[in-house]
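A.B. asks: need the 3D shape of this:
(2 chains)
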Amino acid sequence: MSVRRLALAVLVLCATAAPAAVAQDAFPSRPITIVAPFPPGGVADLHARPLAAAMEKVLKSPVGVVNKTGAAGAVGMQHVATSKPDGYTLLLALSSISIIPEADKLFGRQPAFTVDQFEPIALLSADPTILVVRTESPWKTAKEFLDDARKRPGQISFSSSGVYCTLHMAMELLQHAAGVKLRHVPYAGAGPAITAILGGHVDALASGPAAVVAHIKSGKLRPLAGWGDRRLAAMPDLPTFKELGYPDAEFYIWAGLFAPRGVPAPALARLREATRAAVAEPEFRSAMDKMQTPIAFKQGDEFKRFFEADARRLAAGVQKVGRIEDKK
Amino acid sequence: MLETFQNLYFGFSVALAPSVLLYAFVGCLIGTVVGVLPGVGPLAGISLLLPATFGLDATRAIVMLAGIYYGAMYGGSTTSILMRIPGEAASVMTCIDGYAMARRGRAGPALAIAAVGSYVAGTASVVALMFLAPPLASFALRFGPPEYFSLLLLGLLVLAYMSGGSMVRSLTMAALGLLLGMVGIDQMTGYFRFHYGVVELGDGIGIVPVAVGLFGLSEILLTAGQATPPEVMKPRLRELLPSRAEWTQAALPVGRGTLIGFIIGIIPGSAHVISSFVSYAIERRLSRRPEEFGTGAVPGVAGPESANNAATSGAFVPMLALGVPSGPIPAVMLAAMMVHGVAPGPLLISQQPQLFWGFIASMYVGNVVLLILNLPFVTLFVNLLRVPYPLLYPGILVFCVLGVYAVNSSVVDVWIMLVTGALGYVLRKLAFEPAPIVLGLILAPMLEMALRQSLAMSDGQYTILLTRPISGVLLAVGMILVLLSLKPLVTRGLDWRARLAMAEKGEEL
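C.D. replies: All right, here's what the predicted structure looks like:
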C-alpha cells in the first residue's frame, strides 16, 4: 500500500515538476512559509522574521513569513493545523497555543485545533513576564502592590493583549496565587496594552521584558517582580514571585516553531537541523540580542517536557478564569 | 528653534547622502505601486518588504518603509479617480468625487489636485511632526478607550453629512455597515460571532474587499448593463492641468484636510481611513454648494486626499516620540527599528539623532520625489482611459481579484469582494450610496471595543464617558451637531439636503 502510494507520489511529482523530479531528497524544493498568527511587530513576528532569514540562508531556499492574525492567534494556528503536512507550512507559536484549545473546551465549542495536531520543532526563547506599574504610582514593591490589591479588590486595573491571551494569563495566575482580584481591561495586542499603561488608563501590566525595557530605562515604568523560575539576567535586582512566596505565579512568553503533525520524517529532520543551524547564525543571534530576548533553544525531549509542564499550568489557569460571561 | 534648524540641517546631510536618497526613492516608488494596485495597501507592502530591509542599517530601513507608507497614500488616489476602485482603504472617499470628475473629462485635474494636495499635506505635517512631536505625543497618550469611543461616535454622527439625498437612505446603509462589522471574534469574551463555520470570518469582514466590491465591481457591472456603452474618453493635453478656478476651490480643503488628518493620525488606534471620511464630511458641510458633492466637487478630492497623507505623518508622532504604535503600520516600523537594534522609546530622539533627523529630512525629500513621480504619471494614467471598455474592464477585474487575494492569501476575501460587488450593483440601481456601508464596517468593531473597554475600566459606569474631560468635550460637540441637524425641523426651513431630495424626487417622477 505504502509502496503504491509512494509510486503514485513519484508519478505525480514527475508529471508536475519533471525537471525537479531527481531532487527527491531535496527538501525544500519550493518556498517555505512560516505563519506568525499575530500582527507584524509582535513577539511571534519578531521571532519569525529573523528566523526565516536565517533558515533561508541555511536551506538556500526561500523562507517567508505570513501574518495570519485573528481570533487571538487561533486563525493562524488552525490554518497551520489543517494545512498539508508537507513541511512547507510552519507555525511560529507562542504560549497561547496551549491556551486556545482549553478556552474552546471551556465554551463547549469544537476546538479550532488541538495541540496534538502539531509536531514541535524547536523552542526559540522563553522569557518570563514582568509586572510593571507607572513610576508615579504609589507602589514601590510587589508586596505593596499586592497588599493594596487585597485591600481594594477589583479596584486596581491592568491591561492585557486580549482575553485568554498570554499577558492576561500571566496576570490571572498571579491573582490566584496571591489571592487578589484585579480589574481586567483587554486590548487588541501587546502594543496597545503598553500604550494604555503609559497613558495612565490602567494601573498595571504583565509584559515581556523586551517590550517595556525602553520605558523602564526612560523612567516611565517601574518593574515590581517577575514570573520566572529565576531572576532575569538583564534585571538581576528584580525579585521573582517565587521568591516572594507565590510559586504558582510562574509564566513564560515563549516562542517555538511547529509543523503540522504528519510531516514526512526526512523533511522534519531537515527542518530540525536547519532550525538548529539557523539559531546559531550570527544574524539570528544579533537580532534576538537587539530585541533583548535571550535565546532558549530546546529541541526533542527537552522541549517536549517544557511544553507539557507549561501546558498543564496554563490549562489549570484557564479553568480558574472560567467563562467571562459567567461572572457578569 | 535655532537648534531645530541645526538638527534639520544635520538631518538633510543624512537624507541627501546618495545611498539614503536611493532608498527613499525606492520606497516611494514601491509605495506608489502598492497604492495603485487595488486591494494591496501600505500594511501589506511594508510587511512584505520588512525582511528585505534586514540587510540595511536602521536609518535606511526606516526611510524606505516610511516611503512605502506615504507613497501608497499618493498612489491610492489613482485608481479611485480613474476607475472608481479604491487603491487602498483610505482612498474610498476619493472614489466618489474623483471618479465623477473623471467622467466629466476632468481626470487629469483630479489626479493633479490629489498629488499636489498630498504634497502640501505631507510637507506641512512633517513640519508639525518636527516641532511638536514630544508634546503632541503626550497628548495622544491621553486618548484612552472613553476618549476614543467619543471620537468614533462623533465620526458616526458626521455620517449624516456624508451622502446627499435622503438621510434615511444613508442611515440604512450605515446600519448595514455596522451590522457587517459585528461579524468576527468578540475581543472582550472570546466568543465567535456570525462566522457560520468559516474561520476566516473570525477576523471579521475585511474593509478592502468590501470597498473594492462596492465601488469598483458595481461600477463595472453598471457600465456593462448600459444599453449603449459609454463613449471612450479622449483626454486632451490642455485638459490635464487644473484650471485656476479648480486650484482656488482646492486650496482651503487641502489646508483643512491636512489639519484634520494630522490630528486624527496621532491618536493611537485610529486609522488614516477615518481621517478621509471626516475630511469629506466637513468639506461638504462647509461648502456653499454641497449639492455638487458626488457629482465631481473638487473639495471632495482635495480634502480627503490631503487628510490621508497628513495622517501618515501624524501616526509617526507617538512612534518616534514615545515608541508606541498608533496603528498596525507604525507597529511594523517599530519592529523594523528593534530588528536593527534601535530601541524605540522616549529616548529615541536624543539617543538616535541621525535616525530621527535623517528620517524627518527624508520625508521632506520623499514628498518632493513623489510629486515629481506622480505629476508625469498623470498623463500616462489618464491615457488608460482611452482603452476600450471590452479590454479595460476585464483587465481591471483581474487586478481586483489578484490584489484582494494577495493581501491575506484568502479566497474568502475574493468571495466577499464578489458578493459585495453584486450588492453594490443592486444598491446603486436603487439609488443607495455605498460609502456609509464602508464607514459603518470600519467603525463598528472599533466603537464596540472602545465602549466595552471603557465600561471595563469604570466597572460598568457609563458616566466615565462624560467625566473625562476630552471625552466629555467630544460628546458635547457631537450633541451640538445633532441639534444643528434638527434645526430645520424647528424652523421649517429647507436646507440643501431637503432641496436635493425634492429635486431627486422630481426627476424620478
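A.B. asks: check the gap between the residue in chain A that chain B sits nearest to and residue A:220 for me.
C.D. replies: Residue nearest to chain B within chain A (Cβ to the nearest Cβ): residue A:214, separated by 2.9 Å. Every C-beta, even on glycine, is put in place using the N, C-alpha and C of the backbone. Distance, residue A:214 to residue A:220, using Cβ to Cβ, to the nearest Å: 9 Å.
A.B. asks: more neighbours, the two?
C.D. replies: Neighbours were counted for residue A:214 and for residue A:220 using other Cβ atoms under 10 Å in any protein chain shown; residue A:214 has more, 22 against 19.
A.B. asks: average pLDDT for the helix or strand hosting residue B:97?
C.D. replies: If you go by DSSP states H and E, residue B:97 is part of helix B:92-103. When pLDDT is averaged along helix B:92-103, the result is 89.
A.B. asks: if we can go back for a sec, overlap in contacts of residue A:214 and residue A:220?
C.D. replies: Residues touching both residue A:214 and residue A:220 by Cβ atoms under 8 Å, 6 or more residues apart in numbering or on different chains: residue B:346.
A.B. asks: in the chain, which residue is most central in space?
C.D. replies: With no chain named, the answer covers chain A. residue A:94 (1.5 Å; Cα atoms, centre = their mean).
A.B. asks: that answer is for a different chain, and I need it for chain B
C.D. replies: Central residue of chain B (Cα atoms, centre = their mean): residue B:90, at 2.0 Å.
A.B. asks: low pLDDT regions in the stretch 201-328 of chain A?
C.D. replies: The model of the stretch 201-328 of chain A has pLDDT under 70 over residues A:324-328.
A.B. asks: for it, what lies in contact range of chain B?
C.D. replies: Residues of the stretch 201-328 of chain A found near chain B (Cβ under 8 Å from any Cβ of the partner chain) are A:201-202, A:210, A:213-215, A:217-218, A:220, A:283, A:286-287, A:289-291, A:323-325.
A.B. asks: what about the strands in chain B?
C.D. replies: Using DSSP state E, the strands found in chain B span residues B:184-185, B:192-193.
A.B. asks: chain A is nearest to which of the ones you listed?
C.D. replies: Comparison of these against chain A by Cβ to the nearest Cβ identifies strand B:184-185 as nearest, at 4.5 Å.
A.B. asks: hmm, back to that, a markdown table please, covering the strands of chain B and showing distance to residue A:138.
C.D. replies: Output for the strands of chain B, formatted as a markdown table (distance: least, Cβ to Cβ, whole Å):
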| stretch | distance to residue A:138 |
| --- | --- |
| strand B:184-185 | 36 |
| strand B:192-193 | 40 |
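A.B. asks: can I get these in JSON lines with distance to chain A and mean neighbour count?
C.D. replies: Below are those laid out as JSON lines (distance: least, Cβ to the nearest Cβ, whole Å; neighbours: other Cβ atoms under 10 Å in any protein chain shown):
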{"stretch": "strand B:184-185", "distance to chain A": "5", "mean neighbour count": "22"}
{"stretch": "strand B:192-193", "distance to chain A": "7", "mean neighbour count": "16"}
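A.B. asks: quick revisit: does the residue of chain A closest to chain B touch residue B:352 like I think?
C.D. replies: No: using Cβ atoms under 8 Å, residue A:214 makes no contact with residue B:352, being 11.6 Å away.
A.B. asks: still on that earlier bit, without its sequence neighbours, what residue ends up closest to the residue nearest to the centre of chain B?
C.D. replies: Spatial nearest neighbour of residue B:90, chain neighbours left out: residue B:308 (3.9 Å); criterion: Cβ to Cβ, 6 or more residues apart in numbering or on different chains.
A.B. asks: distance of the one you found from residue B:382?
C.D. replies: As judged by Cβ to Cβ, residue B:308 and residue B:382 stand 22 Å apart.
A.B. asks: which of the two has more neighbours?
C.D. replies: Comparing residue B:308 with residue B:382 by other Cβ under 10 Å, the one with more neighbours is residue B:308, at 37 against 26.
A.B. asks: residues contacting the more buried one?
C.D. replies: Residue B:308 sits next to B:73, B:76, B:90-91, B:261, B:272-273, B:275-276 when contact means Cβ under 8 Å, 6+ apart.
A.B. asks: swap in residue B:346?
C.D. replies: By Cβ under 8 Å, 6+ apart, residue B:346 lies in contact with A:214-215, A:218, A:220, B:321-323.
A.B. asks: which positions in the stretch 1-150 of chain B make contact with chain A?
C.D. replies: Residues of the stretch 1-150 of chain B lying close to chain A by Cβ under 8 Å from any Cβ are B:43, B:46-47, B:50-51, B:54, B:141-145.
A.B. asks: do that again at 7 Å, thanks
C.D. replies: When proximity is defined by Cβ under 7 Å from any Cβ of the partner chain, the stretch 1-150 of chain B lies next to chain A at B:47, B:50-51, B:54, B:141-142, B:144-145.
A.B. asks: most neighbours among those residues, please name it.
C.D. replies: Among the residues of the stretch 1-150 of chain B next to chain A, residue B:145 has the most neighbours (other Cβ under 10 Å), with 28 neighbours.
A.B. asks: pLDDT score for that one?
C.D. replies: Here, the pLDDT recorded for residue B:145 equals 91.
A.B. asks: got it, and the one 3 residues further on?
C.D. replies: In the prediction, the pLDDT value recorded for residue B:148 is 88.
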